[in-house]
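> coordinates for the following, if possible.
(chains A, B, C and D)
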2 protein chains.
Amino acid sequence: MKMDKKKAVLQSYEMVRDKILNGQLQSGEKITEEKLAADLGFSRTPIRDAIKRLEYEGLIINKKVVKPTDKDLRNIFQVRMLLEGYSARCAAIYSSADQLSTLAECVEIGKSGSYDEIMDANEKFHQIIVQTSGNDRLIDTINRMQSIIYLFRKTVVFYNRPFLIEEHEDIFNAIRDRQPERAEELMKQHLEKDLDFCLHLINSQN
Amino acid sequence: MKMDKKKAVLQSYEMVRDKILNGQLQSGEKITEEKLAADLGFSRTPIRDAIKRLEYEGLIINKKVVKPTDKDLRNIFQVRMLLEGYSARCAAIYSSADQLSTLAECVEIGKSGSYDEIMDANEKFHQIIVQTSGNDRLIDTINRMQSIIYLFRKTVVFYNRPFLIEEHEDIFNAIRDRQPERAEELMKQHLEKDLDFCLHLINSQN
DNA sequence: TTACATTATTTTGTATACAATTTATCTATA
DNA sequence: TATAGATAAATTGTATACAAAATAATGTAA
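Predicted coordinates:
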């Protein structure tokens, strides 16, 4: 049996990322390699790599935990609309029976699941659709935005955005009925509403 | 006066990248940190960082210089069509007088410039259009693909693809005449032709 | 006091040594 | 000969020390 201890870089990356995502490291907070290294019990070397990866994902900028502005949020969602809209179109054309039934499951769980289950199902819903594009570049681009997206998806689900599940269902139906144009359009609208909801929340909080 | 010697990471990154782009490091070739370090006269530490960055850009995969397949090429161009198509639309709506005249210049140089000038002008043409989106995420996503795109743009210009300049001119006209739909459509068609040309070249060479 | 220059201090960049892991080579056995 | 296992070689991962650079603090002249 293989123990496969995770390497220090990976551990560091995941720990720091999670600290950012759950708020232990707050927006705007300064990151220093040495401090983190001491904190996590590794040397600076793997920490550096981890930070670089987080910078790559946009969670850290200039050694500071990112504080996404309205504009950032809009930008991210604009890219998502383009790429995921296209993906939804692909899903309507190419998705397999398996993929369809998994999508259906996600919609169901969205209606009746627990908080965590809903979180997972929603993420999976989008993920499967993106997969159907069969385009690794596209998938990679979306994945890179995933952490920041997660930051907001949490908000959306936590505050229980109205019609979210219904919209997923509509998208699913369009995909199942093989209506590419409609699937794309619905996905774009769906993301636009997510964006508006997020923006509204952010601006009412500050 | 400030001397600002470039740091070893940056130097390494640029040197390795250029070696890949101009063929000194060939597709499929194995990269080892130590060998590169000895070659470039740095220690392994900055080399590692440089390699990681090249991996992010997709020029190195699994410690090997990337050998883009047809599928990779198609994937990249699909993403470009989505993002640059959208950008062309933005350009038709938002571009400034300055941006327009620079675009016009690029088209002109494309008609009468030297090989190097044409290369630069073509790159600039696309870059300006992408800028008009005002979306840093989108710009960043395109820039990350830039190295690999460059690899192919060289081919396209070198073999003097027919109608390339004419297509740029058409796109420019649509932008200047504030026709967003048309600009987007033309940009997509333009990229599709680039893709076909590249694919054709690649497959006739091997 | 303000502004500037100078000095400390912190933080990052680089080199190097060693550990862990992966990959290649070799040998014994079926 | 092929294959599994062991051993050696190459390569990567991590820790640490020191150099360079950036940032903060201090003092001094206007």
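
> contact residues of chain A facing DNA strand C?
A:5, A:31, A:32, A:33, A:34, A:35, A:44, A:45, A:48, A:63 (CB under 7 Å from any atom of the strand). Where you see a C-beta, it was placed from the backbone N, CA and C, and this is true even at glycine.

> in a markdown table, list the residues you listed along with neighbour count.
Formatted as a markdown table, the residues of chain A next to DNA strand C follow (neighbours: other CB atoms under 10 Å in any protein chain shown):
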| residue | neighbour count |
| --- | --- |
| A:5 | 8 |
| A:31 | 18 |
| A:32 | 12 |
| A:33 | 15 |
| A:34 | 10 |
| A:35 | 11 |
| A:44 | 14 |
| A:45 | 15 |
| A:48 | 18 |
| A:63 | 12 |
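
> for those residues, which one is nearest residue A:197?
Using CB to CB, residue A:31 comes nearest to residue A:197 of those, at 29.6 Å.

> what residues are up against that closest one?
Counting by CB atoms under 8 Å, 6 or more residues apart in numbering or on different chains, residue A:31 touches A:16, A:25, A:51, A:60, A:63, A:64, A:65.

> distance check, it against residue A:23.
From residue A:31 across to residue A:23, the span is 15 Å (CB to CB, to the nearest Å).

> for stretch A:49-61, list every residue counted as buried.
Residues of stretch A:49-61 classed as buried by neighbour count (16 or more other CB atoms under 10 Å in any protein chain shown): A:49, A:50, A:51, A:52, A:53, A:54, A:57, A:58, A:59, A:60.

> restricted to helices, list the contacts of residue A:31.
The helices, defined by DSSP state H, take in A:16, A:51 from the contacts of residue A:31.

> and which of the contacts of residue A:31 is nearest residue B:112?
Distances from residue B:112 to the contacts of residue A:31, taken by CB to CB, are shortest for residue A:60, at 46.2 Å.

> ok, and the closest non-adjacent residue to the closest one?
residue A:54 (4.4 Å; CB to CB, 6 or more residues apart in numbering or on different chains).

> so where does the one you found fall, helix or strand?
Following DSSP states H and E, one finds residue A:54 within helix A:44-57.

> that helix - what's its average pLDDT?
Averaging pLDDT along helix A:44-57 gives 96.

> any idea how far it is from the middle of the chain?
In terms of CA atoms, centre = their mean, to the nearest Å, the centre of helix A:44-57 is found 20 Å from the chain centre.

> quick check: residues of chain A near chain B?
A:49, A:52, A:56, A:58, A:72, A:75-76, A:78-79, A:82-83, A:86, A:135-138, A:141, A:145 (CB under 8 Å from any CB of the partner chain).

> now, among the contacts of residue A:31, which is nearest to chain B?
Proximity of those to chain B (CB to the nearest CB) peaks at residue A:51, which lies at 11.3 Å.

> so the closest residue to the closest one other than its chain neighbours bridges to which residues?
Of all residues not flanking residue A:51 in the chain, residue A:60 sits nearest, at 6.1 Å (CB to CB, 6+ apart). When bridges are taken as DSSP bridges, the partners of residue A:60 come out as residue A:65.

> so which elements touch the lowest-mean-pLDDT helix or strand in chain A?
Within chain A, no helix or strand scores below helix A:136-158, which has a mean of 84 by mean pLDDT, DSSP states H and E. If contacts are counted by 3 or more CB pairs under 8 Å, 6 or more residues apart in numbering or on different chains; DSSP states H and E, helix A:136-158 sits against helix A:8-21, helix A:44-57, helix A:70-94, helix A:115-131, helix A:180-205, helix B:70-94, helix B:136-158.

> so for residue B:179, which of those helices sits nearest?
helix B:70-94 (5.8 Å).

> and residue A:5, helix, strand or coil?
coil (DSSP: H, G, I helix; E, B strand; the rest coil).

> could you chop chain A up by domain?
A:8-65, A:70-205 (automatic domain parsing).

> residue A:132 against residue A:95, yeah?
Yes - using CB atoms under 8 Å as the test, residue A:132 is close enough to residue A:95 to be in contact (5.0 Å).

> distance-wise, check residue A:96 relative to residue A:175.
For residue A:96, the distance to residue A:175 - CB to CB - is 11 Å.

> low-confidence ranges, chain A, go.
Scanning chain A with the threshold set as pLDDT under 70 gives A:1-4, A:153, A:205-206.

> kindly report the residues of it close to DNA strand D.
So far as CB under 7 Å from any atom of the strand goes, chain A lies against DNA strand D at A:7, A:8, A:9, A:42, A:43, A:44, A:45, A:46, A:49.

> centre-most residue in chain A?
With distances taken as CA atoms, centre = their mean, residue A:146 lies nearest the centre of chain A, 3.2 Å away.
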